[in-house]
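In: Quick one: sequence plus predicted model below, questions after.
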Protein chains: 4
Amino acid sequence: MDFASDNGAGVAPEILEAIAQSSRLRAPAYGADDFSARAAKRLADVFETEVDVFLVATGTGANALALSALARPWEAVFCHDEAHVHDDECGAPEFFTGGAKLVGIAGEGGKVAADPLRETLARFPRGLVKSSQPGALSLSQASEAGTIYRRDEIAELCAIAHAAGVRTHMDGARFANALVSSGLSPAEMTWRAGIDALSFGATKNGALACEAVVFFDRALAQDFAYLRKRGGHTLSKGRFLGAQMEAYLTDGLWLRLAERANASARTLATALAARPGARLAWPTEANEVFAVVPDATVAAWRTAGAKFYEWSTRSLAADRAPRAGETLVRLVTSFETTAEEIERLVALAGLPLSKG
Amino acid sequence: MDFASDNGAGVAPEILEAIAQSSRLRAPAYGADDFSARAAKRLADVFETEVDVFLVATGTGANALALSALARPWEAVFCHDEAHVHDDECGAPEFFTGGAKLVGIAGEGGKVAADPLRETLARFPRGLVKSSQPGALSLSQASEAGTIYRRDEIAELCAIAHAAGVRTHMDGARFANALVSSGLSPAEMTWRAGIDALSFGATKNGALACEAVVFFDRALAQDFAYLRKRGGHTLSKGRFLGAQMEAYLTDGLWLRLAERANASARTLATALAARPGARLAWPTEANEVFAVVPDATVAAWRTAGAKFYEWSTRSLAADRAPRAGETLVRLVTSFETTAEEIERLVALAGLPLSKG
Amino acid sequence: MDFASDNGAGVAPEILEAIAQSSRLRAPAYGADDFSARAAKRLADVFETEVDVFLVATGTGANALALSALARPWEAVFCHDEAHVHDDECGAPEFFTGGAKLVGIAGEGGKVAADPLRETLARFPRGLVKSSQPGALSLSQASEAGTIYRRDEIAELCAIAHAAGVRTHMDGARFANALVSSGLSPAEMTWRAGIDALSFGATKNGALACEAVVFFDRALAQDFAYLRKRGGHTLSKGRFLGAQMEAYLTDGLWLRLAERANASARTLATALAARPGARLAWPTEANEVFAVVPDATVAAWRTAGAKFYEWSTRSLAADRAPRAGETLVRLVTSFETTAEEIERLVALAGLPLSKG
Amino acid sequence: MDFASDNGAGVAPEILEAIAQSSRLRAPAYGADDFSARAAKRLADVFETEVDVFLVATGTGANALALSALARPWEAVFCHDEAHVHDDECGAPEFFTGGAKLVGIAGEGGKVAADPLRETLARFPRGLVKSSQPGALSLSQASEAGTIYRRDEIAELCAIAHAAGVRTHMDGARFANALVSSGLSPAEMTWRAGIDALSFGATKNGALACEAVVFFDRALAQDFAYLRKRGGHTLSKGRFLGAQMEAYLTDGLWLRLAERANASARTLATALAARPGARLAWPTEANEVFAVVPDATVAAWRTAGAKFYEWSTRSLAADRAPRAGETLVRLVTSFETTAEEIERLVALAGLPLSKG
């Protein structure tokens, strides 16, 4: 019963096979190979537009590098105040940008809302020299609370940002999970809504170690090859990134993997919500279930060896927050999560799994 | 006929199999897995001492992170003036150290010699505030010229460095190739000779993407977990680094792979040196052959589709440097290089391959 | 009627004379002069302890350099969310620390309170690699709201910080103003309450351009000479910093200048508070008056050529915040502010100056 | 007998008076004052073109900030290998640029020559991702060897740089000394010869602490206000920089002060060169005399309390380098150097001062 993270899963067989296949021939180093070229082409197809693509091995690398292309050292990067880039990357965005200021914006359910964004931007006047200048907005899709931004929300936030001269980034570590949940096309969820650059994650959704930085505003990609290289993120055997990404995007594999993880999360969420004493903190819109459960349930799960995180947040409305005797937990599903794992976890919550 | 780089090779089958095996189970994220723990244990065994080990996916990441643990932002990092860290990493060491000054030291055959090191250190007096302070020495083993440092050379250079309060780093992107050529034990070639931290490369010698930063002076590793994380070099599915490194070090695989590449280089070097009009620039001591050949040979090779680099250097004595009508080339072998590739390349140099 | 900033004042005559005197002789460069040595000695006397002292020309330089000595690049610096280091230095602390994360803590009246500090620290667990590590706490004395921390408040905050392994900094751009208001000794307001390093401002209080970074925890000063030099903050004719600071601390000049500015602020605050329709936002505890006044008053002041800032803040309780038709203004006094300036300003607020 | 540095001198009386005068009124903070505006206007007049001007207090600040506007973090800054920016600023350019690589170019007499510059540029191919990219060229005028670049030399070097897409900087810490020696106009020595940005020093030539960063290519100045602010180099009482610079440029004061220092250097150089056993290392073209003298002379000078530096260099041709029993010394004159100081120093060299 491993609900600790989608990073605990292995590699999808199709991707593993692609790695093995690509290993059979010689290939130019540092990303100048055919696999990487085809992966870039597929991303352009997926997003229905010309893009600049840079493959890297980690999500933190993708995010921090992307932000360093979008924000100058004396600028501010706006994000949700519990965003991964702000809370979980040990200052990587500050490091890669050369000292840009990360500015967290509070918001229910892990999402930045329009008014708080406007108010925050008003505190960073363009041209006021003593103030960090407005640089970039980063939106996590799906969010750290497992929720997703609607198309209109993204469009409104990007419009506010662009009106202030602020470039827009989407942290898509769980892009596929958000996408299949949203019903949108990749283009609709990104550049058509105003996103300039995207961290397109594959690792959590079945790759070995592969993320793409995708630039829709290609002028922002101008120096990215140097940024990536000096960040140590240009793999020498770059074909193995290309091979992963190509397989990931072939025949809809990425969508199937994401749908599988999301379905597991929905099943789990529905079952837990039906338990007496349990409730969802936020709606389960991707592959993460945030639930408030009795402490006894937490204890039962721990005893049974289940893996998951107890969670703390500032994004939860007071009336849904855990009370005495309750704990907020995060339960993450992946393409590998089995029905049996879910059943056991739910069973341990006290009552048999409700059918449906 | 691919002699462009050992990065052009694929992955050794044993390592590919280990990756596949490790994918079959769930594992904790970010390097807290058993594979990584076993890899660290094996490195301790290999080096016959307690070490702190951090796995990363790229050599530039390993080098730049290691140097950032050894040198403070206001310090200088001394290295050969054609060292990879100085010439081929787009300023990564400067970036990761927060602005340390890379100071190149000229030397024949890609190697730093004792007297130039002493003279250079004398230009950076400890305590002279206007001067960058002496911070770290980085030695490439094997060097960028395909040569290797002898045990006594390493020991003398490290002694000079330590006497000046300078920490010592070995860039071992081709550590295995140097090791099997040297006849030394891993301990003798590193910490017993005075090396404080090592970039232990596996990628060029058969891994997919895996390098270890190995600290012999463990106090220097104190903050490394944070440095690696904020550099974006902590892989989420860290087990795949662990699995690669474990397989690499199992049953002497790493030594066999390196010996295979080195043997190919020796064969090639011997054959080329026997050609009229060709000569070796430096002795072939690892898996790189640097040869001065007639321009006509370069043309013949290109026509036949051979891949290799024409080379420029400041490390070559005038009497061995290319003259009019000659070109210096770099020919790199890997564990995948075939006898047939070598034979064809040599044959194209004008005459049949000499036997032996 | 210049109430825009205490930076608008000139130089106290005693300090100007000291500069002129010190110019008459030759002096070693870069701070190795007798003036600087005597200034350091005076600061040790003032603080009744051994200190390491580094003079610089700007407050931003003093703060950012001090923080770079207290926090490592992967750490967090905690401060009030409207602190000068966070809001008004264009990211200088991020730059000098190499990318540390500034974490603002909300608090009434510009001050960090104990519970919010504890809650914030709890979000940055020591040893959790993905999280910026707890590094430094910076307290502004006087605060950006013109208030001052009591001795017990400083002691409690420093104790909380130290218990978490967090080093403590005081931004004393208006240290003298806070000190004379507090009734404390310099030692009581700083190291005896737990402060490790202080930006000791003189510029706003009568110097030309002179601030001291004072280390009470002298181990933290170990590399500061290099930090200052590479920041470009080591003046070549360093004697002129020494001469300013020496004169500033001679015969209690600094205390007299601060008392003069504070007295002006008290007079102004008292008079304004007595005006119908006006009220103080926060108590006037140093040399800054924050008042909520009718928009008509703002208009009258502007028409008459008065200089001051309209202010926005998140540190003001809702019941004291400006309502429709009201504006929050900041009025800063200096040692040069005249009774006449105050009288005119108050008179323009609508009614004759109340006597007392 | 103080020949240690021109930083040992005081402030020219005219500048001191201007500081005192400017102190009598209130002025806006942070450089928005009339003094700074007039100083900028004067610089535009002096250089006969539109310029963007930023005043700072230190030469290291001016150089490092200027270079950070000219070179991106992944670029290289080319300079003489004994340039002040490379050897004497504790890595400030690396810090401010965010990690650009300083690349020293050897050259006789402290000057970069055209061929070595071309050869160096050839080692940094534009677009080769692994290589630091060509960013900026910095020329010191006068050089660290007290020599000056001729107009044609500057023009040729700048043309080579610009042809390679490299921006050009002049470190003019001793600009006035070079200028009056050269017979050129300020425009001829800078932008008409191809200089994009200049560190225009005043401190060594009679100011208290004042340098201007002057942009001839004004597009490069676009973000400089933020760079200066976050570097802590925007003085709060900025008028005092403006007042210094205005006075410095009024009625040719700056030229008279420089001519005085240069004349002293010429007198000293001529007298020393006439001494048996002494010789000049390089021609004395500004206000620094580099002489090779008998060790006995050094001893006599030290005994008499003379202040100066023994010098080591890589810029001196072997046939002029000190032999056994000889020492290379640097003797710097300033506008305060007296005829008597020179006479005593020369007299102590062993023989009476030659007349003329």
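Out: Ah, there it is. Numbering: from 1, shown residues only, chains lettered A, B, ... in the order given.

In: following the helix or strand hosting A:Y226, which helix or strand comes up?
Out: Assigned by DSSP states H and E, A:Y226 belongs to helix A:224-230. As assigned by DSSP H and E, the chain's next helix or strand after helix A:224-230 is helix A:239-248.

In: ok now that next one, how far from the chain's centre?
Out: Averaging C-alpha positions (C-alpha atoms, centre = their mean, to the nearest Å) puts helix A:239-248 19 Å from its chain's average.

In: So it, near chain D or not?
Out: No: on the criterion C-beta under 8 Å from any C-beta of the partner chain, helix A:239-248 is out of touch with chain D, staying 15.4 Å away. For glycine as for every other residue, the C-beta is placed from the backbone atoms N, C-alpha and C.

In: for that helix, what is the average pLDDT?
Out: Helix A:239-248 carries an average pLDDT of 98.

In: With stretch A:267-282 instead?
Out: pLDDT averaged over stretch A:267-282 gives 95.

In: before we move on, what about stretch A:190-203?
Out: 98.

In: The host helix or strand of A:H162: which residues count as buried?
Out: For A:H162, the enclosing helix or strand under DSSP H and E is helix A:151-163. Going by neighbour count (16 or more other C-beta atoms under 10 Å in any protein chain shown), the buried part of helix A:151-163 is A:E153, A:I154, A:A155, A:E156, A:L157, A:C158, A:I160, A:A161.

In: who touches the first one in this structure?
Out: Applying C-beta atoms under 8 Å, 6 or more residues apart in numbering or on different chains to A:E153 gives the contacts A:K111, A:A114.

In: number of nearby residues for the spatially closest residue to A:A269 that is not a sequence neighbour?
Out: Closest residue in space to A:A269, ignoring its immediate chain neighbours: A:T284 at 3.8 Å, by C-beta to C-beta, 6 or more residues apart in numbering or on different chains. Residues lying near A:T284 (other C-beta atoms under 10 Å in any protein chain shown) number 25.

In: still on that earlier bit, taking their axis directions, whichever helix or strand comes after the helix holding A:H162 and helix A:151-163 sit at what angle?
Out: Using DSSP H and E, the helix or strand that follows helix A:151-163 towards the C-terminus is strand A:167-172. Comparing the axes of strand A:167-172 and helix A:151-163 via axes from the mean of the first three to the mean of the last three C-alpha atoms, to 10 degrees yields an angle of 140 degrees.

In: what's the angle from the longest helix anywhere in chain A to helix A:239-248?
Out: Longest helix in chain A by number of residues (criterion: DSSP state H): helix A:253-273. Here helix A:253-273 runs at an angle of 70 degrees relative to helix A:239-248 (the same axes, to 10 degrees).

In: list the buried ones in helix A:253-273?
Out: Going by neighbour count (16+ other C-beta under 10 Å), the buried part of helix A:253-273 is A:253-272.

In: what's next to it, contact-wise?
Out: Outside helix A:253-273, the residues touching it (C-beta under 8 Å, 6+ apart) are A:6, A:12, A:14-15, A:146, A:176-177, A:179-181, A:202, A:205-206, A:247-248, A:278-280, A:284, A:286-289, A:291, A:293, A:331-335, A:337, A:339, A:342, A:345-346, A:349, A:353-354, A:356.

In: roughly how far out does that helix sit from the chain middle?
Out: The answer for helix A:253-273 is 16 Å, by C-alpha atoms, centre = their mean.

In: With stretch A:12-27 instead?
Out: On C-alpha atoms, centre = their mean, the centre of stretch A:12-27 falls 25 Å from that of its chain.

In: Endpoint to endpoint, stretch A:157-177 covers what distance?
Out: 21 Å (C-alpha to C-alpha, to the nearest Å).

In: what sits against A:S185?
Out: A:E48.

In: Could you report the separation of it from D:H80?
Out: 57 Å (C-beta to C-beta, to the nearest Å).

In: what do you get for A:F290?
Out: For A:F290, the distance to D:H80 - C-beta to C-beta - is 61 Å.

In: List the contacts of the residue of the stretch 101-250 of chain A found nearest chain B.
Out: Ranked by C-beta to the nearest C-beta, the top residue of the stretch 101-250 of chain A for proximity to chain B is A:G232, at 3.2 Å. Neighbouring residues of A:G232 by C-beta under 8 Å, 6+ apart: B:56, B:58, B:60-65, B:89, B:92, B:96, B:231, B:233.

In: are any of these buried, and which?
Out: Buried members of the contacts of A:G232, scored by 16+ other C-beta under 10 Å, are B:56, B:58, B:60-65, B:89, B:92, B:96, B:231, B:233.

In: between those residues, which is nearest D:V103?
Out: For these, the minimum distance to D:V103 (C-beta to C-beta) is 14.6 Å, reached by B:E89.
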